[in-house]
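Q: Quick check, what structure comes out for this input:
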Amino acid sequence: MQAACEKRSEEIQSIRVAKLEQTASKHKQRASSMQAACKKRSEEIQSIRVAKLEQTASKQYASSVREAFRRDSEHSSC
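A: The predicted structure is shown next:
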């Protein structure tokens with residue numbers, strides 16, 4: 001009787017361990033998926049920031065060129 005109880009206890013323990021391992025595996029997969037999504041989003045945000053900086057730099061350059069031409073035309077008309 002005691003041997004049967006011990007065997008059953010070991011079976012139950014084995015089932016619990018298997019369930020915990022399965023749960024841990026699911027959580028690990030979910031965390032990995034979330035990490036990949038966060039990395040992708042971070043890259044998208046970085047790309048947007050770079051594009052905005054490039055656009056700002058381009059506008060500033062165009063403005064500087066216009067200002068230089070304006071000053072040049074003012075000096076050459078004198």
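
Q: residue ranges with poor pLDDT in this protein?
A: 77-78 (pLDDT under 70).

Q: Let me see the contact set for His75.
A: Listed by CB atoms under 8 Å, 6 or more residues apart in numbering, the contact set of His75 is empty. The C-beta positions use only the backbone N, C-alpha and C, and glycine is treated the same way.

Q: what secondary structure does it sit in?
A: Assigned by DSSP: H, G, I helix; E, B strand; the rest coil, the conformation of His75 is helix.

Q: what about the helices in this structure?
A: Remark: helices assigned in the chain by DSSP state H are 2-76.

Q: middle-most residue in the protein, spatially?
A: Centroid-nearest residue in the chain: Lys39, 2.2 Å away (criterion: CA atoms, centre = their mean).

Q: if I look at that residue, how far off is Gln46?
A: In this structure, Lys39 and Gln46 are 10 Å apart, going by CB to CB, to the nearest Å.

Q: Same question for Ile15.
A: Taking CB to CB, one finds Ile15 at 47 Å from Gln46.

Q: just Ser33 next, same as before
A: 20 Å.

Q: Then Arg66?
A: Applying CB to CB, the value for Arg66 to Gln46 is 31 Å.

Q: same question, Lys26
A: Lys26 sits 30 Å away from Gln46, taking CB to CB as the criterion.

Q: same question, Ser64
A: Taking CB to CB as the measure, Ser64 falls 27 Å from Gln46.

Q: How about Ser9?
A: According to CB to CB, Ser9 stands 55 Å off from Gln46.

Q: Over to Ser73?
A: Per CB to CB, Ser73 is found 41 Å from Gln46.

Q: ditto for Met1
A: Plainly put, Met1 is 67 Å away from Gln46 if you go by CB to CB.

Q: Give me the more crowded residue out of those two.
A: Using other CB atoms under 10 Å as the criterion, Met1 and Gln46 rank with Gln46 on top: 10 against 5.
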